[in-house]
Structures are given as structure tokens and as C-alpha cells.
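# Just a sequence and a predicted model for now, questions to come.
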Amino acid sequence: MASPAAEAAADATSVERTGQKRHAVDETPLRSEEAPRESYRFKTKKLKNRRPDKSKILTTTGRVEEVLVQDVKALFDKLNLEHKETELPELPAEIQVSIQELSSTGEGLGIQVGSDSGHIYTVPFTVPGDTVKARVFKHYIGYKYSMADFLEVTSPSPDRDESLVKCQYFATCSGCQFQMLPYSYQLEHKKSIVEKAYKNFSGLRPEMVPAVGDTIGSPLEYGYRTKLTPHFDGPPDSRRSDGRNGIKRSFNEVPPIGFMKKGTKVTIDIEDCPIGTDAVRNGNKRERKRVADKISKYHKGATLLLRESTERIPKADFEVSKEDDADAVIEDRGDHIHRKTCVTNPNDKSTEYVDDFKFVNPAGAFFQNNNSILPIFTQYIREHIFPSTPDHGITNLIDAYSGSGLFTITLSSLFESSLGVDISASSILSANTNATLNRLPESSAYFIAADAGQLFSAIKAPPAKTVVMIDPPRKGCDEAFIKQLIEYKATRIVYVSCNVHTQARDIGVLVDGFPGVDGGFGPGNGSYILESLRGFDFFPQTGHVESVAVLQRKRRVWNDQK
Ligand SMILES: C[S@@+](CC[C@H](N)C(=O)[O-])C[C@H]1O[C@@H](n2cnc3c(N)ncnc32)[C@H](O)[C@@H]1O
């Protein structure tokens, strides 16, 4: 789920207005029911480098505040606004906002009705075309925008459809942003996120970026999340009394167990979350009851794990046992049954099927969270892993950032040899188990625990016959990795990302080049062409998009792939 800690922006020049008095520092008074907001500070210097500074190579961080500032600037230019900071309302202020755009961070961006301040307001849970009442809580005068809480819709956009909302906590909980939007609208918006990411963060000339493909949707728009992690905070004062001073605080009542209230660090009680799978939702009920029954034993806050696990049983062998766990969800899958349960101990195993591939991992370990889209997603990768020319000669796969082997294993049959690499030794342990479960001998799928940045010096596979898959964490690749990847000269690269902004940054370097390597840095000087780009919606109802970029090494120039 999107962390509310990443939901907002700030800068060192932010100014609070209380009457005519200005403060050079953030002195937002706490709202009575809330803990302090996140410290939204970030380095002004970085923001001033709006175009990636290629002398530093990878400057974009991909954080929400960086992304938001670009969207605000674009809207400011589009509306041809003239900024008048003297016209800004005193805080806190309830104002009417006319929403103009949806930002890549999921908030609506709008202007105050009846004001000519030329200032932009970010309001969550809104749609372009809405007019809403919002409470402004923070000005970022230097960036010409302010943040506001959503209060109510005054006049709805024709695109808003409240009948689509399936969760009673929507517009309070920080998890989902788009339940009021038709799914086709969400997918279109996610395509625009990919487009804007490459415009704002790749540094590439527009002609170097192919038309972004339509976003591939999730077969399940609700009930798709195979993992949720609700939490509860400790008893009042528990932070100051961790037991070391002999005082153990206890709960007087069951605390709220759930997710953060949007824009705050306050946990709200969430009885049920409809984006979870049925097994996960059953697990949530059971865990909430377990915590409530044993609340006297807790002295601190905790995070609960809810991870779906699937048992595949041939239909002929399946018989509902009288003692069967009432929480189990039974799905008819043709010649077999899927019996789905919820695992709550992070060290217990959870099993997942992607088509007929089987993956067994510790329940607390990373695995993609939307099983329904994985067959489509892995098929797309299979269809794009090779160039369209039949004589490509590619026989080897390197799956950097392999985790427990999702791509190595689902692609392995296409290659003579596949190598998965991950920095986490426990993921590699699982990857080896998964290779065995899928009957892949070491000669066809091999895994090593290593830092991807150190990988290529040890690789023997001939680069002209090798495709490299990349699926790094949100922060993207680091410079050591990108430099080595370029020097290695793999013939093709498929880059999967859960943060399209850092992906755009990294691909900008693969296409425009790395200073001092090969043809050096300059527009189009790099050794790769960005062949295709497309978003996948792993997280319907939220502002997130996963993207897949495919790069092909240029045939010309280096003459070095022998
Ligand atoms: C987004 S996950 C992708 C995992 C896998 N591709 C999947 O889909 O299940 C990113 C993975 O990168 C790994 N990782 C992070 N930093 C790394 C590094 N420097 N070198 C190698 N792997 C790294 C993490 O352990 C994690 O498994």
C-alpha cells in the first residue's frame, strides 16, 4: 500500500501563514486528533535540477514530492497562471477548489474558486471536473502549490461515479485513491503517468521515446491483493517505556487495527479491506479477533501479516473435510481445486501458482502481490524477451534482482541457460527451491546471491547471446550497476519497474549514454534504443503503476559483440 509518509511534499522554503506572521520553518500546529505529519522536508537543491543532471548520472529519486512538483509546474504553465502569493488564504483554510488534473501521485490538482492567486492546490480523492470543499493545511509558496485535505464534493465531475466505491473507509484510508473512477479511466490515467515520467525524468528527446502502450489491466479490480499488513500502534506512552525502565504499558482497550488515515500517521481501524483476496480478508477477521482476545499480552504496537497461500488439489482427490478450516476459500479451476488460506507467520511458507509454475516462499518475503495479473504479465515478458527477428541468436538470460525466481523460472524454457541474481541470500534459497519444484536442473536455471552492481565482471555468457532482465526496488538501479550493464553490452534488456520515474531516469542513461563509456553521453549516444514501453496495473483503485520497458542494443557502431 502507498505509505502516507510518502504522500506529500515540502521544501526548505515552505512558509506557514498565521495572520501576517511568517515562519521560515514548518510550524504547522498539530490538529488535535492527530500525531505529527511526516517531516516532508527534502533537499531544495535536488528539486532545482528539474532536468536530470547527467554529470551526476542518476539524480532523480522518484519520490512523490519530486513527481508532484513537475505536475504542478506543468499545470501552472498550461493554465498560464500568474502567481500572487499575497492572495493565499490564511491557514488552516476551508476553500472551494476546482480540480483540473490528476497528478501522477494520485491527487487532484486544482485552483481556488473565485481567487486569482495563480496558486495550485493538491486535494486527494478528487477527479478533474469536480469542485470540492477542501481544508488547506500547508503552503509551499516557492513551488506555487498548497496541500489540502478533501472535505466534500460540491459539484461532481461527470467522470465521478460514487456507485463504484466498495469500501466504507474510502477517502479516509490512505490505501486507495481511485475507487470513484471507472476502471477504464484509471488505466488511461496510468498510461499518462508513464508518459509523463519519461517526459520529466528520462532527459530523453521525445523522438527517443516510443508511444506508450495502453495499460494492461488487472483481471481482478477488487479482491486481488494476496498480501496485506495492517498494524496497530502501542499503548499511549509506550515509546517512552519500552520495558528498560521497568514500566510496561498496557492497552486499556483494543486499539485501532488497520492502515493510516490519509495524510497523517494516525492508524484507523479497518475491519475489512475489499482489495484483499477473500482468503486475506478472512485472515484479517481472524487476526483482528486474535489480537483483541489477547490484547492484555501486548505492550507495543505490531504489524500483522496476511498472506494468501494456495493448495492445488486434483479435483478427483478433493473432498471438503468436516474439520476443514472455515476460513479456507475454495476455487474451482477446471481439473483441479485451489484451496486458499491465509498465512500469518512470516516464517511459514506460502505457495502461489502462476499458470502451472509453483512458487513457495516464506510468507513474509517479497513476492508480487497481485496473482491475477501474473499469468498475463509473465506472458507479455515471454513475448518481448526476444527481438522480432528470428535470427537473434539469444540463448542466455540474466535475471538481475531475481527475488525468488519469478522471471528466471517462467522464462527458463526459452533459454539454454538462465542465471538469477539477488542480494538477498534467503530469496536465493527460495529461488533454488522453486527451480527444483518446477523441475529445472541447475544447468538450465542457476541462482547466486550477489550485489547486481558487482555482477557483470564475473559473467561468462557472451553478451551478443544474452538478454538481461532488471526488476530493481523502487529506488531503481545504482550507477555501478548501470555502468557495468552498459560495459557488458547485452544485446537486449527488459526493465520491469514498480517506480516508473526511476525507471525513466535509468533508461535515459542507457539511451543517452554514460560519460566516459562507449560513445559517452549525449542525445542518443548510448548503445540502446528504447523499443517499447507499457504500464501494467498491479494495484487497481490506487495510484500505482508497474511498467515494462524493452531495450535493444544498436546494431551499428561498437562492432563489439563477437
Ligand atoms: C522488486 S523485487 C523483484 C523480485 C523479483 N523479480 C520478483 O518479481 O519476484 C526487487 C529485488 O531486488 C533485490 N535487490 C535489491 N538490491 C539489490 C542489489 N543491489 N543486487 C541484487 N538484488 C538486489 C531485492 O532483494 C528484491 O528481491
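Noted; the coordinates are in hand.

# ok, now how distant is the residue nearest to Ala148 when sequence neighbours are not counted from the ligand?
Distances taken as Cβ to Cβ, 6 or more residues apart in numbering put Ala134 closest to Ala148, at 3.7 Å, once the chain neighbours are dropped. Every residue, glycine included, has its C-beta placed from N, CA and C. Ala134 sits at a distance of 35 Å from the ligand (criterion: Cβ to the nearest ligand atom, to the nearest Å).

# didn't Ser103 look like it was pressed against Leu68?
Yes. Contact criterion Cβ atoms under 8 Å: Ser103 and Leu68 qualify, at 5.8 Å.

# Identify the contacts common to the two.
Common neighbours of Ser103 and Leu68 (criterion: Cβ atoms under 8 Å, 6 or more residues apart in numbering): Thr122.

# pretty sure Gln454 contacts Leu485?
No. Between Gln454 and Leu485 there is no contact under Cβ under 8 Å: 12.0 Å.

# So between these two, which is more surrounded?
Leu485 (26 against 13; other Cβ atoms under 10 Å).

# Mind checking what secondary structure the more buried one has?
What DSSP: H, G, I helix; E, B strand; the rest coil gives for Leu485 is helix.

# And the pLDDT at it?
We have a pLDDT of 94 for Leu485.

# Kindly provide the distance from it to Ala449.
19 Å (Cβ to Cβ, to the nearest Å).

# Same question for Ser163.
Going from Ser163 to Ala449 by Cβ to Cβ gives 50 Å.

# what about those two, which has more around it?
Higher neighbour count among Ser163 and Ala449: Ala449, with 16 against 6, using other Cβ under 10 Å.

# Just list whatever residues bridge to that one.
Beta-bridge partners of Ala449, counted by DSSP bridges, are Asp422.

# Surely it is in contact with Asp422?
Yes. Under the criterion of Cβ under 8 Å, Ala449 makes contact with Asp422 at 6.4 Å.

# shared neighbours, those two?
Joint contacts of Ala449 and Asp422 (Cβ under 8 Å, 6+ apart) are Ile428.

# helix or strand right after the helix or strand hosting Phe259?
Here Phe259 sits within strand 258-260, counting by DSSP states H and E. Later in the chain than strand 258-260, the nearest helix or strand by DSSP H and E is strand 267-269.

# Residues of the protein that sit close to the ligand?
Applying Cβ under 6 Å from any ligand atom, one finds that the chain approaches the ligand through 366-368, 401-404, 406-407, 421-424, 427, 451-453, 471-473, 498.

# and these, which are buried?
Buried members of the residues of the chain next to the ligand, counted by 16 or more other Cβ atoms under 10 Å: 366-368, 401-404, 406-407, 421-424, 427, 452-453, 471-472, 498.

# Could you give the residue of the stretch 351-500 of the chain that lies closest to the ligand?
Gly403 (2.7 Å; Cβ to the nearest ligand atom).

# And the nearest residue to that residue once chain neighbours are set aside, how close does it get to Phe359?
Distances taken as Cβ to Cβ, 6+ apart put Ser427 closest to Gly403, at 5.1 Å, once the chain neighbours are dropped. In this view, Ser427 and Phe359 are 11 Å apart by Cβ to Cβ.

# Pull up the overlap in contacts between these two.
The contact lists of Ser427 and Phe359 share Ser404, where a contact means Cβ under 8 Å, 6+ apart.

# mind showing which ranges of the protein have poor pLDDT?
Applying pLDDT under 70 to the chain flags the ranges 1-57, 237-247, 320-325, 556-562.

# what about the helices in it?
Ranges of helices within the chain are 44-48, 64-78, 183-201, 278-293, 374-384, 406-411, 425-437, 479-488, 500-512, based on DSSP state H.

# Can you add distance to Phe251 and give those helices back as JSON lines?
Below are these laid out as JSON lines (distance: least, Cβ to Cβ, whole Å):
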{"stretch": "helix 44-48", "distance to Phe251": "42"}
{"stretch": "helix 64-78", "distance to Phe251": "33"}
{"stretch": "helix 183-201", "distance to Phe251": "39"}
{"stretch": "helix 278-293", "distance to Phe251": "10"}
{"stretch": "helix 374-384", "distance to Phe251": "39"}
{"stretch": "helix 406-411", "distance to Phe251": "40"}
{"stretch": "helix 425-437", "distance to Phe251": "33"}
{"stretch": "helix 479-488", "distance to Phe251": "46"}
{"stretch": "helix 500-512", "distance to Phe251": "40"}
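
# Which stretch among those helices is buried most, on average?
helix 500-512 (a mean of 27; mean count of other Cβ atoms under 10 Å).

# tilt between that helix and helix 183-201?
Calculated by axes from the mean of the first three to the mean of the last three Cα atoms, to 10 degrees, helix 500-512 forms an angle of 50 degrees with helix 183-201.

# and helix 500-512, how far from the chain's centre?
17 Å (Cα atoms, centre = their mean, to the nearest Å).

# Also stretch 539-547?
On Cα atoms, centre = their mean, the centre of stretch 539-547 falls 7 Å from the chain's centre.

# Now it - C-alpha only, PDB.
Provided in PDB are the C-alpha atoms of stretch 539-547 (Å, rounded to 0.1, in the frame of the first residue of the first chain):
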ATOM      1  CA  PHE A 539      -2.800  -2.200  -8.000                       C
ATOM      2  CA  PRO A 540      -6.300  -1.200  -9.200                       C
ATOM      3  CA  GLN A 541      -8.000   1.600  -7.200                       C
ATOM      4  CA  THR A 542      -4.600   3.000  -6.300                       C
ATOM      5  CA  GLY A 543      -2.300   5.500  -8.000                       C
ATOM      6  CA  HIS A 544       0.500   2.900  -8.600                       C
ATOM      7  CA  VAL A 545       1.600   1.600 -11.900                       C
ATOM      8  CA  GLU A 546       4.200  -1.100 -12.800                       C
ATOM      9  CA  SER A 547       6.000  -0.600 -16.100                       C
END
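
# Residues contacting that stretch, please?
Contacts with stretch 539-547, where a contact means Cβ under 8 Å, 6+ apart, come from 1-2, 104-106, 175-179, 183, 186, 190, 193-194, 197, 215, 217-218, 220-222, 224-225, 275, 369-370, 377, 496-498, 500, 503, 533-538.

# Narrow these to those in strands?
Counting by DSSP state E, the contacts of stretch 539-547 place Thr215, Val496, Ser497, Leu533, Arg534, Gly535, Phe536 in strands.

# and the gap between the first one and the ligand?
Distance, Thr215 to the ligand, using Cβ to the nearest ligand atom: 19 Å.

# wait, what's in contact with that residue?
Contact partners of Thr215, counting by Cβ under 8 Å, 6+ apart, are Leu187, Glu188, Lys190, Lys191, Val194, Arg534, Gly535, Phe536, Asp537, Val545.

# Now for those: which two are most distant?
Spatially, the most separated pair among the contacts of Thr215 is Glu188 and Phe536, at 14.2 Å (Cβ to Cβ).

# re the thing from before, list only those of the contacts of stretch 539-547 flagged as buried.
Neighbour-count burial (16+ other Cβ under 10 Å) applied to these gives 1-2, 104-106, 175-179, 186, 190, 193-194, 197, 215, 217-218, 221-222, 224-225, 275, 369-370, 377, 496-498, 500, 503, 533-538.

# So which residues make contact with stretch 515-533?
So stretch 515-533 is contacted by 54-55, 57, 194, 198, 204-205, 208-210, 212-213, 384, 483, 486-487, 489, 493, 507, 509-514, 547-554, 557-558 (Cβ under 8 Å, 6+ apart).

# In it, which residues are buried?
Buried, per 16+ other Cβ under 10 Å, within stretch 515-533: Val517, Asp518, Phe521, Asn525, Gly526, Ser527, Tyr528, Ile529, Leu530, Glu531, Leu533.

# Stretch 101-110 now?
Glu101, Leu102, Ser103, Ser104, Thr105, Gly106, Glu107, Gly108, Leu109, Gly110.

# Beta-bridge partners for the second one, please?
Beta bridges link Leu102 to Gly108, judged by DSSP bridges.

# which residues sit in contact with Asp391?
Counting by Cβ under 8 Å, 6+ apart, Asp391 has no contacts.
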